[in-house]
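Chemist: my questions concern the predicted model and sequence given below.
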Amino acid sequence: MSDVRVDEADYYERPLPSVGNGALVAALLLTLIAVGGWEHAMRGKGLVPWDLADGPDHWVAERRKIDDGDVEVAIIGASRILFDTDLDVFEDVTGLRPVQLALAGTNARPFLTDLAADDDFKGLLIVGVTEIVYFMPPELGLFVAALEHYRQQTPAERFGHALYVRLQQLLAFIDPDYTLPRLLYRLQLPRRAGTFDPYDEVWKIATSEPDRQTRMWYRIESPGYLVDHAKHAWVADWEAFKSDYLGGVAPDRLAQTIAETRRDVEKIRARGGDVVFVRCPSSDFYRQVEREFYPRSKVFDRLVAETGVLGLHFEDYETMRGLTLPEWSHLSADAARTFTRAYAEELLHQSQWLRAHSPKRER
Amino acid sequence: MLFNSLTFILFFAVVLALHNLPLPWRVKKVNLLLASYVFYAAWNPPFVLILWLSTAVDWIVARRIYAAEQLGRRRAWLVVSVSVNLGLLGYFKYGEFLLHNWQALMASVGVDYVPPEWSIVLPVGISFYTFQTMAYSLDVYLRRAAPAKSLLDFSLFVTFFPQLVAGPIVRPTQLVPQFAAPRRATAAQLRWGFALMTIGLFNKIVIADGFLAPAADAVFGAKDALPALDAWLGTLAFSGQIFCDFAGYSTIAIGVALCLGFSLPNNFQFPYAAVGFSDFWRRWHISLSSWLRDYLYIPLGGNRKGRGRTYANLMTTMLLGGLWHGASWTFVVWGGLHGLYLAIERWLQERFAGARIARGTAFQFALALLTYFAVNITWVFFRAEDFPQAFGMIKSMFGLQAAALPVLPTVRIVEVVVLIGALVGIHWLMRNRTLEQVAERMPAALLAGIWATMLFAIITTQGAGDAFIYFQF
């Protein structure tokens, strides 16, 4: 084997610049000072360390609770049932703590189908119905990929999430709505006709605590530019995408959605579980749009009637009406507690499943 | 696990601490090997089996090739290595693609063939480590290298976590000898290693994911025809995104290895300042282009078998290089376009070699811009989901679309113009320099300021842990 020629030219040591310790230490010190200042500035803007900033990994952690044990109550839906449910209050009323699986701006139907197919779930499923989201094509939505993430989450992502939660509990500035690019997009530059400006995207409106307990951010609850922007964002969003919604739900989509819902409900009931619909409050601009394009009698009432599912609509209950919705779509934190107590008590009264399983059932 | 994740920071801190303990060199190498398996298993533990298979096959094959006296036996053992590695790649990466093409072929002759459902998950980085292990057996076959003396060293060469999943694709002669003697980073290596990691993370988290990806995604996700401005800016944004993503990964990989005391070769050398396409491929994904040159183009005959064969070899190499990037005909077209560019360049060089005008700076700069322009045309095929989208985008870029609807708002236009302008400008200024040379000459205060700015931007941009684009290859 004497003809073997190891190519020594391939082997080399990387050249090293003479970067001194001083540059490294100065860089680290400057970074520490800058990040400290940034943390101070972000706390001044109302960010808090205990706010976990909701995201797909938080959702997956909650979803796994169903795999891990006997979850009695789970919630799916879009942002309204997410913001408007106070888990502590629900537990106080019913004795059961729900697992919060609702996702902002996301159609609940794929998640209903997922739970219907999961034999581990035999409990009560509360479906928050926001018609504009519930009746859109199921593949659309902000976090529709959460299910895929749940199925494909890697061990590294799972471990990383645990680390992230611990770090986020120490630092307020870790918030996806306050990253450098997101702050850049808050600049108001001349608009280009026909495009959706990032300025019009929804900014931070909620905080998230363990168990995905989501509440309206306190800065949205008082008058100011943040709540004004939140309203502006809802109107801009509607204006940008209204062509998809004008005319309401097409009859075939309505029928298909109801049929798929009925199929999934039957699967859950066959295992001894049950499903209820909750229609959370909305007001002003949103209520007007919903009344025009998603009239209750043609959409929500029909869904309830044709699926044979108990449906609670906020308009039907004195205790659920007239609550504070600072930006027309979600309840303030205090109002969410009131609403949760009202709907949980009503469920305890009207849901046979809950009466049978709640430790606080009427005897 | 991803470099831009908290998990990696903790993992790397533990690995670095273990590597600096006063332990025997063999124990440190075992630590590195186990850490590399943990690094890979953190995506999907069963896929470690594929790594083991690839390692075992090439370990055995290379020794058999080395020991065999007869050419036939040497060739037979080489075929085993190539078959196993390309077989793994073919099954996991190209299986579905082949089935669908077979289905289309059958349909074209009137046979209604319905392939079984294909739900194989692509093991991350498989294209990189199969090429790396194949290079080992090929080098032994070509008598460029002797087999590694220790299975531990060879396993570490295959699995070394800094470059395992997205390169640089390292040659055995570059890395295996580094495992022979104890290595621990000097203070200078540690400092520069951290600096390179910072530069890489800044490229990935801040520039690629934070600022350029939204514009590229908006343009390539548009449902309607686009105005020329949007089509161009989206493509330019993607050119910056993929460079910062991939070069960022390579830079982190080099930095991580350096912190452990190992030297990995450069994988990028400011490619958007390339003057011509052969220059581009000397600067872009250097470890792959040199792999293709040494193990495909030259064995095919290179430029030694006449003009016609040279052009055919060029085109074959680039078409297969395109296919290496992904199981889709759009990647083949991407490679084919680069092959075509290289062929045209070769033809022009033969015709106009030595022309005086070609040596002027202004002309060189114009040629660099022309190269960048042509490279951007190829990026359309690389990024597009399918041919209709790619051709629609090309039509948009040349203003051939009627009823075009804009998608990029002012702020995204500004960020693409500023960032791509800066990127191309920096590449041109750095064309004949290295980062090491620039850092060497920079005043310490300025270096510290830039370093701190990048760290601050990384921390406050908080990447969501998006996977590096090149992982999918």
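Modeler: Done, it's in.
Chemist: how about A:Tyr294, what does it touch?
Modeler: When contacts are counted by Cβ atoms under 8 Å, 6 or more residues apart in numbering or on different chains, A:Tyr294 touches A:Glu131, A:Ile132, A:Phe135, A:Gly248, A:Val249, A:Phe300. C-beta here means a position set from N, CA and C on the backbone, and glycine is covered the same way.
Chemist: redo those as JSON lines? Include distance to B:Gly321 and secondary structure.
Modeler: Shown next, in JSON lines, are the contacts of A:Tyr294 (distance: Cβ to Cβ, whole Å; DSSP: H, G, I helix; E, B strand; the rest coil):
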{"residue": "A:Glu131", "distance to B:Gly321": "51", "secondary structure": "helix"}
{"residue": "A:Ile132", "distance to B:Gly321": "48", "secondary structure": "helix"}
{"residue": "A:Phe135", "distance to B:Gly321": "48", "secondary structure": "coil"}
{"residue": "A:Gly248", "distance to B:Gly321": "52", "secondary structure": "coil"}
{"residue": "A:Val249", "distance to B:Gly321": "50", "secondary structure": "coil"}
{"residue": "A:Phe300", "distance to B:Gly321": "57", "secondary structure": "helix"}
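Chemist: need the residues of the stretch 151-300 of chain A near chain B, please.
Modeler: A:154-157, A:159-160, A:163-164, A:167, A:173-174, A:176, A:179-181, A:184-185, A:187, A:189-199 (Cβ under 8 Å from any Cβ of the partner chain).
Chemist: remind me, longest helix of the chain?
Modeler: I'll assume chain A. Using DSSP state H, we find that the single longest helix of chain A is helix A:21-44.
Chemist: hmm, no, I was thinking of chain B.
Modeler: Per DSSP H, chain B has its longest helix at helix B:228-259.
Chemist: and the very next helix or strand once past it, what does it pack against?
Modeler: Sequence-wise, the next helix or strand downstream of helix B:228-259 (DSSP states H and E) is helix B:277-283. In terms of contacts (3 or more Cβ pairs under 8 Å, 6 or more residues apart in numbering or on different chains; DSSP states H and E), helix B:277-283 is packed against helix B:329-352, helix B:361-383.
Chemist: one more pass at 10 Å, please.
Modeler: Contact here means 3 or more Cβ pairs under 10 Å, 6 or more residues apart in numbering or on different chains; DSSP states H and E; on that basis helix B:277-283 packs against helix B:286-292, helix B:307-325, helix B:329-352, helix B:361-383.
Chemist: can you get me a residue count around B:Leu151?
Modeler: B:Leu151: 13 surrounding residues under other Cβ atoms under 10 Å in any protein chain shown.
Chemist: for the one 4 residues further on, same thing?
Modeler: Per other Cβ under 10 Å, the neighbour tally for B:Ser155 reads 23.
Chemist: would you enumerate the residues in contact with it?
Modeler: Contacts for B:Ser155 (Cβ atoms under 10 Å, 6 or more residues apart in numbering or on different chains) come out as B:29-30, B:32-33, B:36-37, B:51-52, B:55-56, B:59, B:148, B:179.
Chemist: considering only helices and strands, which part of chain B has the lowest mean pLDDT?
Modeler: Least confident helix or strand of chain B, by mean pLDDT, DSSP states H and E, is helix B:95-108 with a mean of 84.
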